[in-house]
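>>> sharing a model prediction with you, sequence too.
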Amino acid sequence: MSAARGETWRDWLLSDTPGSRAQAAWGRRWRLWCGFRSNTLAMGGLIVVAVLIALSLAAPWLATHDPGAQALAERLQPPSAAHWLGTDELGRDVFSRLLYGGRITLGMVVAVVLMVAPVGLAIGCVAGYAGGLADRLLMRTTDIFLAFPRLILALAFVAAIRPGVTSAIFAIALTAWPPYARLARAETMTIRGTDFIAATRLTGASMGRIVLRHVAPLCLPSLVVRVTLDMSSIILTAASLGFLGMGAQPPSPEWGAMIATARRFILTEWWVPTIPGVAIFVASLAFNLLGDGLRDVLDPKQR
Amino acid sequence: MNRRFRTLAGTLASVPITLFGLVLVTFLIGRVMPIDPVIAIVGDRAPQDVVEQTRIELGLDRPLPVQFAIYLAKLLHGDLGRSVMTSHAVTSDIARFFPATLELATVAMLIAVAVGVPLGVLAAVKQGSRIDHAIRVVCLAGHSVPIFLLALLALLIFYAALGIAPGPGRQDVIFEDTVPAVTNLLTVDAVLAGDWDAFRDAVAHLLQPAGVLAWFSMAYIARMTRAFMLDALSGEFIITARAKGLSSLRVIWRHAFGNIAVRLVTVLALTYAGLLEGAVVTETVFSWPGLGQYLTVSLLNADMNAVLGATLVVGLSYLGLNLFADILYRLMDPRVR
């Protein structure tokens, strides 16, 4: 590689005459990263998200107590050296529960996104590229699901199956895909008419190949922005479901469920329900800041 | 002009399809539930012939498409079934609870507009300044805060610590049933009856939950106002207006703001729809006897008729508001043609 000629890796990345496709691609990524890095708020968001992920992954090693261990003699204690964030109504350590709760919340977010983003992308690309009857059918279906407020459809759906984390994930996924389909469709419609797609078609590429190899990758940047911004609303919906008793169920240290069981202490031991609430707020704000910064970099026309 | 009405007709034509889908989805959700609705009504110790009898009475022995047709026919007559919990018709339950939610959401909307719009305009005018950044952070924080945390903290601070707000609920016990119910909107009823003490009490109870509910929408409204205003302020007509020597207040509010008003109204309609969703959580915390609380209580009791009825009503309001925004936009904005 050119780095052998005494250049630094930075010169290699910023070269105006990239020698290979990989060099051009990495150069572009590096420039985007430089743009992103200059946004203090977005960097703050990224760091908080990274810390949250690390804390959740390392929960078994960082937790000072067993998150399920009850000690009724030590219930509702304020933060202290033994219990960093105090104890809840059954004497369980709030700090340890918070760490394990992060696993549930982030796990739910990842599960929903993994389900929703590919489905939305596929539906949107196919509808936008194929047009005609397929487009009309798919978009009608999308409209129907958009006609429900998110939380309410999720609540009805969870109530019909059975309250719990798994059904909450499915319920949120059910309500979360339509905006992605809309977005991918709009992007596809603008890409469909371009010359390079016409050229690809002339070379005999099938529709599947065009959509998968050429259209979908170009929809990705705006989709990534949307996903990141959406993560905060997934966190809030998941927590609201937990709070209303329809998401994760009580012994589980899910943040929303923790607030639900501790909310009657708000006027006396106010920190018990407030601490998980602050955790939800921080996680959600971090994803919002990150998404906002990503939008500035990846999707400048949206500013 | 002709073309504009044709697209409008297209929008209106799609409404029945969406409506049908809405009903179909609620119907299907009600049928996938693992709890047998018959057992839920007669109990699991009922003799077999009673179970069969009830099943036939409920029409559950028929094939699914027939059941859906019956459900649709009943719906068209305004019959959403009977709530197991209150043993009233779901329609009359909803008619009783909906005004409370309407009142809450409307006051929340007023607060959100009164704060959000000026904030957005200010941020746009001072683009890139510290004020702009501060408003941006406030907006993002508004988007990120779980509404139940805000509600609990409001109770803690304004009710418990400072003692300046009344507790949960819609009115004090002493005012209960003192004002004749006309519209079921307590503030309006109190004014109609000329009972100013009851009016003050109703407003005092409203302010706290409405303020909490308004927070999220305020953030969204401010953000959209800022984006629209930036767009409008960069227009050439603004430069002309400034060059003519108009005062900057007049340029900002009459020329720029006047231009975005239509787009802003459509945003407000969508926000209002979103408030219905926030109301579910807010009402639970403040024991506000509205549709949201009705929905959550029914959920916890697996009262499916009530849940689906409430879901459908919220879905319909949502659809109606979206449609309203769409039509307004098409009719009022000359650029959409």
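The structure has been received and is ready for your questions. Residues are numbered from 1 along each chain as shown, chains lettered A, B, ... in the order given.
>>> is residue B:245 in a helix, a strand, or coil?
Under DSSP: H, G, I helix; E, B strand; the rest coil, the three-state class of residue B:245 is coil.
>>> and the gap between it and residue B:301?
Noted for residue B:245: a distance of 67 Å to residue B:301, by Cβ to Cβ, to the nearest Å. Where C-beta positions appear, they are placed from N, C-alpha and C, glycine not excepted.
>>> more neighbours, those two?
Neighbours were counted for residue B:245 and for residue B:301 using other Cβ atoms under 10 Å in any protein chain shown; residue B:301 has more, 16 against 6.
>>> in this structure that one contacts residue B:84, no?
Yes - between residue B:301 and residue B:84 there is a contact under Cβ atoms under 8 Å: 7.2 Å.
>>> tell me the secondary structure for the residue of the stretch 101-250 of chain B found nearest chain A?
Across the stretch 101-250 of chain B, the shortest distance to chain A (Cβ to the nearest Cβ) belongs to residue B:149, at 3.3 Å. Three-state assignment for residue B:149 (three-state DSSP): helix.
>>> contacts only, for the residue positioned nearest the centre of chain A.
Taking Cα atoms, centre = their mean, the centroid of chain A lies closest to residue A:231, which sits 3.1 Å from it. Residues in contact with residue A:231 (Cβ atoms under 8 Å, 6 or more residues apart in numbering or on different chains) are A:109, A:113, A:287, A:291.
>>> which ones are touching residue A:123?
With Cβ under 8 Å, 6+ apart, residue A:123 has these contacts: A:138, A:142, A:177, A:181, A:184, A:185.
>>> tell me how far it lies from chain B.
15 Å (Cβ to the nearest Cβ, to the nearest Å).
>>> just to revisit the earlier point, confidence score at the residue of the stretch 101-250 of chain B closest to chain A?
We have a pLDDT of 86 for residue B:149.
>>> if we can go back for a sec, and the contacts of residue A:123, which are buried?
With neighbours counted by 16 or more other Cβ atoms under 10 Å in any protein chain shown, the contacts of residue A:123 contain buried members at A:138, A:142, A:177, A:181, A:184, A:185.
>>> pick the one among those residues closest to residue A:129.
Residue A:129 lies nearest to residue A:185 out of the buried ones among the contacts of residue A:123, by Cβ to Cβ, at 8.9 Å.
>>> now the closest one: which helix or strand?
Residue A:185 belongs to helix A:165-192 when assigned by DSSP states H and E.
>>> touching chain B at all, that helix?
No - Helix A:165-192 stays clear of chain B (Cβ under 8 Å from any Cβ of the partner chain), getting no nearer than 9.5 Å.
>>> tell me the buried residues in that helix?
Neighbour count says helix A:165-192 has A:165, A:167-185, A:187-188, A:191-192 buried, by 16+ other Cβ under 10 Å.
>>> sticking with the residue of the stretch 201-337 of chain B at minimum distance from chain A, tell me its helix or strand.
At 3.9 Å from chain A, residue B:277 is the closest residue in the stretch 201-337 of chain B, using Cβ to the nearest Cβ. Following DSSP H and E, the helix or strand that holds residue B:277 is helix B:257-285.
>>> report how many residues lie close to residue A:222.
Neighbourhood size, residue A:222 [other Cβ under 10 Å]: 19.
>>> find the nearest non-adjacent residue to it, please.
Spatial nearest neighbour of residue A:222, chain neighbours left out: residue A:299 (5.2 Å); criterion: Cβ to Cβ, 6 or more residues apart in numbering or on different chains.
>>> what do you get for residue A:293?
Nearest non-adjacent residue to residue A:293, counting by Cβ to Cβ, 6+ apart: residue A:42, 2.1 Å away.
>>> wait, the one you found touches residue A:292, no?
Yes - using Cβ under 8 Å, residue A:42 is in contact with residue A:292, at 6.4 Å.
>>> could you give me the buried positions within the one helix or strand the residue nearest to the centre of chain A maps to?
Here residue A:231 sits within helix A:216-243, counting by DSSP H and E. Of the residues in helix A:216-243, those buried under the neighbour-count criterion (16+ other Cβ under 10 Å) are A:216, A:219, A:221-243.
>>> and if you look at stretch A:76-89?
A:76, A:77, A:83, A:85, A:86, A:87, A:88.
>>> next: stretch B:99-110.
Judged by neighbour count (16+ other Cβ under 10 Å), stretch B:99-110 contains these buried residues: B:99, B:100, B:101, B:102, B:103, B:104, B:105, B:106, B:107, B:108, B:109.
>>> would a markdown table of these with distance to residue B:220 be doable?
Shown next, in a markdown table, are these (distance: Cβ to Cβ, whole Å):
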| residue | distance to residue B:220 |
| --- | --- |
| B:99 | 25 |
| B:100 | 23 |
| B:101 | 19 |
| B:102 | 20 |
| B:103 | 21 |
| B:104 | 18 |
| B:105 | 14 |
| B:106 | 17 |
| B:107 | 17 |
| B:108 | 12 |
| B:109 | 12 |
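>>> pLDDT for the residues you listed - can I get that in JSON lines?
Formatted as JSON lines, the buried residues of stretch B:99-110 follow (pLDDT from 0 to 100):
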{"residue": "B:99", "pLDDT": "86"}
{"residue": "B:100", "pLDDT": "86"}
{"residue": "B:101", "pLDDT": "88"}
{"residue": "B:102", "pLDDT": "87"}
{"residue": "B:103", "pLDDT": "86"}
{"residue": "B:104", "pLDDT": "89"}
{"residue": "B:105", "pLDDT": "89"}
{"residue": "B:106", "pLDDT": "89"}
{"residue": "B:107", "pLDDT": "90"}
{"residue": "B:108", "pLDDT": "91"}
{"residue": "B:109", "pLDDT": "91"}
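>>> skip the chain neighbours and tell me the closest residue to the residue nearest the centre of chain B.
Nearest to the mean C-alpha position of chain B, counting by Cα atoms, centre = their mean, stands residue B:276 at 2.1 Å. With sequence-adjacent residues excluded and distances taken as Cβ to Cβ, 6+ apart, residue B:276 is closest to residue B:314, at 5.3 Å.
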